[in-house]
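S.K.: when you get a sec, could you give me coordinates for this:
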Amino acid sequence: MSNSPSDEQRINAIRFLAVDAVQEANSGHPGMPMGAAAMAYTLWTRHLHFNPSDPDWLNRDRFVLSAGHGSMLLYALLYLTGYDLTLDDIKNFRQLDSKTPGHPEAERTPGVEATTGPLGQGIADAVGMAIAEAHLGAVYNRSDQSIVDHFTYCLCGDGDLMEGISQEALSLAGHLKLGKLIVFYDDNLVSLAGPTDVTFTDDPVARFDASGWHTQLIDVDHGNDVDAIDQAITVAKNVTDRPSFIAVRTHIGYGSPRQDNYLAHGEALGPENVTKAKEFLGWPLQPDFYVPEDVLRFYREVGEKGSRLEAQWQATYNAWKRANPELGATLERALRKEMPANLPWPTFTAENGNVATRDAGGTVMNAIAVSLPELVGGSADLDPSTKTYLKNCGDFESGNYAGRNIHYGVREHAMVAATSGISLHGGLLPFAATFFNFLDYCKPAVRLACLMKIRAIYVFTHDSVFLGEDGPTHEPIEQLAMLRATPNCYVVRPADAIETLEAWKLAVASKDAPWALVLTRQKVPFLGARDAAVGKGAYVIADAEGGRPELILIATGSEVALAIDAKKIVDAKGVRTRVVSMPCWRLFDEQPQSYRDEVLPPAIAARMSIEAAATLGWSKYVGDHGFAFGIDEFGRSAPAAAIANAFGFTPENVADVALQKFALAAH
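M.R.: Numbers count the residues shown, from 1 in each chain. Purely as a prediction, here's the structure:
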């Protein structure tokens, strides 16, 4: 190793900020920051383009710490280079409401590009960012002016590569030949519970090779060698026809008595080991959180270079915008997450509206696509079934990154995480589509997207047992309850084409939350021209005649039409009945109490929810004296009509159940 003394001192500043912060909190992961510090130092000081004074600069390089447990590595770099992160923030590591939480949170800490921690997802986020860069560059760059032209870097560990999402993501990136994506592997041979060879004896380099990546291996003698790492990054940046993977053999807990021991992974070193590590690496024992003035000055100068880089880019951008004013206006509108003034929304009537809501959704998407060029996305090999293909918009693929249809293949987890990466990059409104039952494969990434409050649209079709013959393996039962329980997610299950249209209007206008549109496979009837108040979460779609309602039927999706048919039977029995369509619980809960009481008057205790899914959660709306009619078991394989009969989802049975429950409530 041939590092200069100044390099060693600067690297040690990263190491011991991490060590001292973890020790102060008595919680955290010191081993990875100690071992990977040289790698991160080389990237951040010699290659990474960033501007701490403008963390949102469009053409910055992106850096994703997929191994989010090593968060102090990132926080140390952010503080040292001059982001809005103070030494007090470093000292406040893992404390309540601090800017330095246990794992990086994009919405909390300036300079953090993606919320990471659940392993593997950061790699897929980075793939999404690289997709966004490639697409925006293809759409907006001109031969003499490149305004979107940057790299996406990701640092991962063995846990990331063990999680299945990593294989999905690296396979997709290799297929797409994303040449500006560079992934570093902190190959320290140690995981949380012991040596990696207890469970992990793959050859990661061969694995990436086989998936179409350019690969390099830096051996253990050069894992802290700045020049060797620098050379590897330079080589990777010059490989433009494939993504790059750089495996760097490092020592977890480098320089401490716990070096190469799993005990360095997930707990503070302890005062004695901290002292010995500082002595071994020649670092002052006191004060804690020490950064020499010349080291801090060096890092701040690195950060200040970013202002000059952005200024140079801004001059290019200004000239580009003068030459391309319409493109410039479109890009800036998209970056602000604003909609065009007049999107060409389709109209649904009795003539064209008796369709499955998945078909209605496809009609809406294609009607607005030309006027909404930032709308990009795809499905998990299901375009013909989810109806989410954007016609005449091209396929995103090597050789045509301007295409807007992304073929993710059967890779649901990576698809949704990549969708998050596309959104986090900025300038695009991404969507992802699959069957609703396969939310199970997407859920970890959906959860992080909700935590980040990203702007994305999920289209989940085949929304209930009524998809029929495919049977219980494909029929969602618990998914609505699970998704509704996830904070920050707007789950909309529209009843017909008009509600689907209104759901899309809300989803594209949203700036700070994911939206999940849950759509039918089967045709549903057009429920009439009306002001469908989807934006209020629930509304009265059919009211009682001749006086105040005595019974309220609350339904979503395809069951709204069923409730309306049941109402006719109940009305004929002399019970005045109101039907409420409730496409989105969260939106309804956000309404003023006065509106909620208007739709569901507190004095009317006879209420029944109707939904072909788990009943969990409906008690909030039907009350103590109401009844939730649903399906709390797995589905069956049969034609939809047979399933409806088997589970009692017929107008006659729903009416009978409602009358029985109403009779009980009346007592």
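
S.K.: what about the longest helix in the protein?
M.R.: Using DSSP state H to define each element, the chain has its longest helix at helix 293-323.

S.K.: gap between that helix and the chain center?
M.R.: 29 Å (Cα atoms, centre = their mean, to the nearest Å).

S.K.: the following helix or strand past that helix vs helix 293-323, what angle?
M.R.: Next in sequence after helix 293-323, counting helices and strands by DSSP states H and E, comes helix 325-335. In terms of direction (axes from the mean of the first three to the mean of the last three Cα atoms, to 10 degrees), helix 325-335 departs from helix 293-323 by 130 degrees.

S.K.: ends of stretch 205-214, what's the gap?
M.R.: Start-to-end span of stretch 205-214 (Cα to Cα, to the nearest Å) is 9 Å.

S.K.: and that stretch, how far out from the chain's middle?
M.R.: The chain centre lies 26 Å from the centre of stretch 205-214; the measure is Cα atoms, centre = their mean.

S.K.: element containing Asp597, please.
M.R.: Using DSSP H and E, Asp597 maps to helix 593-599.

S.K.: in the chain, what helix or strand scores lowest on average pLDDT?
M.R.: Lowest on mean pLDDT, DSSP states H and E among the helices and strands of the chain sits helix 651-666, with a mean of 84.

S.K.: hmm, who's touching that one?
M.R.: For helix 651-666, contacts defined as Cβ atoms under 8 Å, 6 or more residues apart in numbering pick out 550-551, 553, 562-563, 565-566, 568-570, 573, 575, 577, 605-606, 608, 610, 625-627, 629, 648. No exception for glycine: its C-beta is placed from N, CA and C like everyone else's.

S.K.: export that helix as CSV, just CAs?
M.R.: The C-alpha coordinates for helix 651-666 follow below in CSV (Å, rounded to 0.1, in the frame of the first residue of the first chain):
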residue,chain,number,x,y,z
PRO,A,651,-77.2,-9.4,-4.5
GLU,A,652,-79.6,-11.8,-2.9
ASN,A,653,-77.2,-13.0,-0.3
VAL,A,654,-75.8,-9.6,0.5
ALA,A,655,-79.4,-8.3,0.9
ASP,A,656,-80.3,-11.2,3.2
VAL,A,657,-77.2,-10.7,5.4
ALA,A,658,-77.8,-7.0,5.5
LEU,A,659,-81.5,-7.5,6.6
GLN,A,660,-80.4,-10.0,9.3
LYS,A,661,-77.8,-7.7,10.7
PHE,A,662,-80.2,-4.7,10.4
ALA,A,663,-82.8,-6.6,12.4
LEU,A,664,-80.2,-7.3,15.1
ALA,A,665,-79.1,-3.6,15.1
ALA,A,666,-82.7,-2.5,15.4
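
S.K.: circling back to that earlier point, with just CA atoms, put the helix holding Asp597 into PDB.
M.R.: Output of helix 593-599 as PDB, limited to C-alpha atoms (Å, rounded to 0.1, in the frame of the first residue of the first chain):
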ATOM      1  CA  GLN A 593     -65.300  15.400  10.700                       C
ATOM      2  CA  SER A 594     -68.400  17.200   9.300                       C
ATOM      3  CA  TYR A 595     -68.000  15.600   5.900                       C
ATOM      4  CA  ARG A 596     -67.400  12.100   7.400                       C
ATOM      5  CA  ASP A 597     -70.500  12.500   9.500                       C
ATOM      6  CA  GLU A 598     -72.500  13.600   6.500                       C
ATOM      7  CA  VAL A 599     -71.500  10.400   4.600                       C
END
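
S.K.: remind me what the helix or strand immediately after it in the chain packs against, helices and strands.
M.R.: Downstream of helix 593-599, the first helix or strand assigned by DSSP H and E is strand 607-610. Counting contacts by 3 or more Cβ pairs under 8 Å, 6 or more residues apart in numbering; DSSP states H and E, strand 607-610 packs against strand 551-555, helix 559-572, helix 619-622, strand 627-629, helix 651-666.

S.K.: will you turn those into a markdown table that also has distance to Cys156 and mean neighbour count?
M.R.: Formatted as a markdown table, the helices and strands packed on strand 607-610 follow (distance: least, Cβ to Cβ, whole Å; neighbours: other Cβ atoms under 10 Å):
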| stretch | distance to Cys156 | mean neighbour count |
| --- | --- | --- |
| strand 551-555 | 46 | 27 |
| helix 559-572 | 44 | 22 |
| helix 619-622 | 41 | 16 |
| strand 627-629 | 44 | 23 |
| helix 651-666 | 52 | 17 |
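
S.K.: JSON lines for those, including distance to Asn342?
M.R.: JSON lines is the format used below for those (distance: least, Cβ to Cβ, whole Å):
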{"stretch": "strand 551-555", "distance to Asn342": "33"}
{"stretch": "helix 559-572", "distance to Asn342": "30"}
{"stretch": "helix 619-622", "distance to Asn342": "36"}
{"stretch": "strand 627-629", "distance to Asn342": "42"}
{"stretch": "helix 651-666", "distance to Asn342": "41"}
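
S.K.: which strand or helix spans the residue lying farthest from the centre of the chain?
M.R.: Seen from the C-alpha centroid of the chain, the residue lying at the greatest distance (Cα atoms, centre = their mean) is Gly574, 50.0 Å away. Using DSSP H and E, Gly574 is not contained in any helix or strand.
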